[in-house]
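1. A predicted structure for the sequence below; I have some questions about it.
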Amino acid sequence: MTNVARFIDEVKRTHSCGQLRAADIGKEVVLFGWVQYYRDFGGLRFIDLRDRDGITQVVFDPDLSQEAHDLANTFRHEWVVGIRGVVRDRGMQFSKKKGEMVSAHNTALATGEVEVLVREAVVFNKSETPPFEIEDSVDTNEEKRLKYRYLDLRRPKLQKIFRTRSLMNQTVRQHLSGQGFLELETPVLVKYTPGGARNFLVPSRLHHKKFYALAESPQLFKQLYMVAGFDKYFQIVKCFRDEDLRLDRQPEFTQIDMEMSFVNQDDVFNTVEQLIFALWQAVFGVDLKERYPTGHFPRMKFDESMRRFGNDKPDLRFDLEHVELTELTIAHKGGGVPLLAEIAEGYLNGTDRREVPQRIVKALVVPAQSTLSRADTDKLEDFCRSMGAKGLARARVGEDGGWTQSPFAKNITAEFRTAINEAVGARPGDLLLFQFGPTAMVHTVMANLRLHLGKKLGLIPEYGTRDAWKFLWVIDPPLFEFDEKTNSWAPAHHAFTRPHDDCVQYLGTDPGRVLCHRYDIVLNGFEIGGGSIRLHDPDVQARVFAALGISEDEAKQKFGFLLEALRLGAPPHGGIALGMDRLAMLFAGSESIRDVVGFPKTQKGTDQMTEAPGPVTAEQLAELRVGVIETT
RNA sequence: GGGGUGGUAGUUAAGUCGGUUAUAACGCCGGCCUGUCACGCCGGAGGCCGCGGGUUCGAGUCCCGUCCACCCCGCCA
């Protein structure tokens, strides 16, 4: 029997490398793990042995076992080894460097009071020199980390993240099951449905010229579970979207998906709030009741969020709110500033409507104590340009309320300047930053500018949380958004979101005014979940389709099975999906979603390790009757 | 599709105004060391400067193109 087999079959591991404490002194133990560091003193040799639990120092003393000591001399980084030995107190030792007796305890290690004196050792497997060092402190570029993901995952930091993910999964299942939710599965291979995110397509071998789609979410199926009478559903489920990636997006990602019958918006919120409380308790041991004594998170209307923050996922950890100046600009007819006068003119002559503002004016105040140099503001301007802005107008407020360093300074009327100072609450030394023009651009630029400044001025960390958890429900968004390309109304969400009862009257006449029971839950500026109360009334559904210009035939063709289901005894229902990866990312205080996904894709959607996506043979394509079009 | 940042030894980085032998730390290899803990000390090896063109007497450095990674806009819950 080889030594390896004997250690695995007979000797057996007794403890993990993070387990041993002073109470274990005197025990004979067996540890298996990876060689983290080795320190050689000619005679005495120390090895830091690492596994997923932690690190234990093991000592090889030639006086005790020459054989084990000789073997240990061959150990290198990341070899997989096993040792059998006795736990002992590290005690007081004579330090040659310091010339006195010192405690050999290592307070930086959980196991630091003890060490294992080795009697017998075995090498399970050698390792070539790893392409990078397995340490939290040493950073390697993303490309290398992803190519050797299994090595990256050995780093204690990532090990911790994945243990947290496991705990999250467990907590969700336990909590929701306890609330009467059934964990039900839905198909991944589904029929392509237009609208929303782009689907990954899967050719059907059995049906030529036909394709499945990978489910972008279980949306329709969970509604059908409601129609089937399951009442409360949840699933921790993979979803697939073929869209461009971001720091917080992967092409395949995991949702905590939920749906409930006979509920209103408050019921959904209560359920989610309780789940979030349970998660924070389990993961951090934090009772969110201390921060949210009512047990509920604050709510903000979509409109308000756009006005104050420029997006629908405001980071409430800091202020720097936007100030909306469009009305003021109109009232002052641009106040002598040609570019603003042009915008005011649009509203005054009726080209622009206040109800659907196409162009707006916004400002943001950088307080006097946050000194930004000229170079800093120039960089801010570049930052704004990169997002489609024409520039970044600014003004430094003087002691008398006058403006300097501003392109507006020489043209603006004193009345308009005073009115703006008052509207934004400007004080001497403050820096005012302005954006004006197309609504979407202004919102995007100002929202990102706010975040950028928040980080630059140290109001929020570059990433991570510092334990500041700011939750928010964003509610009552419009049901439709105007698509300028097609000059028609398009669903802002999926087409089965329930409009507010008091808005149904506008469906035919003024679609832009229709608000709906759609909601997002936001944490520290990240949208961690979203859902809606669904439209279960076939009549209202028909009016929504009409407003969208979708004919009965077209609706039938696209969503026929769901429309039919809604006519066959569908209960009122609604639900939500929480982004598991984003939650895990925030839990980990991590800088990227890739840190919390086992084997993530790059921003171009490739897997650096397996080199997916890869080519397939002509035979494989032929079997699927799929041709490849060469583009130049 | 657009904008930005980066790519130099196994790894992380430095490399000035274009100048002759491209640095450092860690890692790797060899040696010494019985209380270290990211041990220490001595010695050594290691480079297609992402790739392809161009400018130049001369390119890691300047120009053009291209690939890869990251961040953002568009897109997307």
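-> Received the coordinates, thanks. Computed from a predicted structure; not experimentally measured. Numbers count the residues shown, from 1 in each chain, chains lettered A, B, ... in the order given.
2. is the top helix by length along chain A anywhere near RNA strand B?
-> Longest helix in chain A by number of residues (criterion: DSSP state H): helix A:156-178. No: Helix A:156-178 stays clear of RNA strand B (C-beta under 7 Å from any atom of the strand), getting no nearer than 12.3 Å. Backbone N, C-alpha and C define where each C-beta goes, glycine included.
3. stretch A:91-111 too?
-> Yes: judged by C-beta under 7 Å from any atom of the strand, stretch A:91-111 comes into contact with RNA strand B at A:93-98, A:102, A:104-106, A:108-109.
4. same deal with stretch A:40-52?
-> Yes: for stretch A:40-52, a contact with RNA strand B is found by C-beta under 7 Å from any atom of the strand, at A:40-44, A:46, A:48.
5. before we move on, what about stretch A:625-632?
-> No: applying C-beta under 7 Å from any atom of the strand, one finds stretch A:625-632 separated from RNA strand B by no less than 8.9 Å.
6. any residues touching that stretch, and which ones?
-> The contact list for stretch A:625-632 (C-beta atoms under 8 Å, 6 or more residues apart in numbering) reads A:203, A:208-209, A:621.
7. repeat that with 6 Å
-> The contact list for stretch A:625-632, computed with C-beta atoms under 6 Å, 6 or more residues apart in numbering, reads A:203, A:208.
8. also stretch A:30-40?
-> A:11, A:13-14, A:17, A:46-51, A:55, A:75, A:77-80, A:82-84.
9. among the residues of stretch A:40-52 next to RNA strand B, which are in helices?
-> Of the residues of stretch A:40-52 next to RNA strand B, none are assigned to helices by DSSP H.
10. most neighbours, which of those?
-> The most crowded member of the residues of stretch A:40-52 next to RNA strand B, judged by other C-beta atoms under 10 Å, is A:D48 (19 neighbours).
11. give me the pLDDT value at A:T632.
-> On pLDDT, A:T632 comes in at 55.
12. could you do A:R205 as well?
-> 95.
13. tally of neighbours for the closest residue to it other than its chain neighbours?
-> Setting aside the residues directly before and after it, A:R205 is nearest to A:L624 in space (C-beta to C-beta, 6 or more residues apart in numbering), at 5.6 Å. Number of residues near A:L624 (other C-beta under 10 Å) recorded here: 17.
14. any idea how far RNA strand B is from A:L624?
-> Taking C-beta to the nearest atom of the strand, to the nearest Å as the measure, A:L624 falls 25 Å from RNA strand B.
15. just checking, that residue touches A:L201?
-> No: look at A:L624 against A:L201 with C-beta atoms under 6 Å: they stay out of range, at 11.2 Å.
16. which residue is the nearest non-sequential neighbour of the residue in the stretch 401-550 of chain A that RNA strand B sits nearest to?
-> Nearest residue of the stretch 401-550 of chain A to RNA strand B, counting by C-beta to the nearest atom of the strand: A:G530, 3.7 Å away. Spatially, and ignoring its direct neighbours in sequence, A:G530 is nearest to A:D520 (4.3 Å; C-beta to C-beta, 6+ apart).
17. that neighbour belongs to a helix, doesn't it?
-> No: counting by DSSP: H, G, I helix; E, B strand; the rest coil, A:D520 falls outside a helix, being strand.
18. what residues does it make contact with?
-> Counted by C-beta under 6 Å, 6+ apart, A:D520 has contacts A:474, A:527, A:530.
19. quick one: low-confidence parts of chain A?
-> A:138, A:484-485, A:631-632 (pLDDT under 70).
20. hmm, what's the outermost residue in it?
-> Largest separation from the mean C-alpha position in chain A: A:D63, at 54.8 Å (C-alpha atoms, centre = their mean).
21. host element of it?
-> With elements delineated by DSSP states H and E, A:D63 resides in a region that no helix or strand encompasses.
22. and it, what does it touch?
-> Applying C-beta under 6 Å, 6+ apart, we find A:D63 in contact with no residue.
23. if I look at it, how far off is A:V114?
-> 20 Å (C-beta to C-beta, to the nearest Å).
24. how many other residues sit next to A:I420?
-> 26.
25. I misspoke; the intended subject was A:N199.
-> Neighbours of A:N199 using other C-beta under 10 Å come to 21.
26. ok, the one 10 residues further on next?
-> By other C-beta under 10 Å, the residues close to A:K209 number 9.
27. from A:F200, how far off is it?
-> For A:K209 relative to A:F200 (C-beta to C-beta), the value is 18 Å.
28. go on, A:N125?
-> Counting by C-beta to C-beta, the gap from A:N125 to A:F200 is 38 Å.
29. go on, A:G627?
-> For A:G627 relative to A:F200 (C-beta to C-beta), the value is 19 Å.
30. could you pull out the strands in the stretch 251-400 of chain A for me?
-> In the stretch 251-400 of chain A, strands defined by DSSP state E, counting those that start in this stretch lie at A:252-261, A:299-301, A:322-324, A:359-366, A:393-397, listed in chain order.
31. how about the biggest strand by length in chain A: buried residues?
-> In chain A, ranked by residue count with DSSP state E as the criterion, the top strand is strand A:28-41. By neighbour count on 16 or more other C-beta atoms under 10 Å, the buried set for strand A:28-41 is A:29-36, A:38.
32. and what of stretch A:389-398?
-> A:389, A:392-397.
33. which single one of those is nearest to RNA strand B?
-> Distances from RNA strand B to the buried residues of stretch A:389-398, taken by C-beta to the nearest atom of the strand, are shortest for A:A389, at 9.5 Å.
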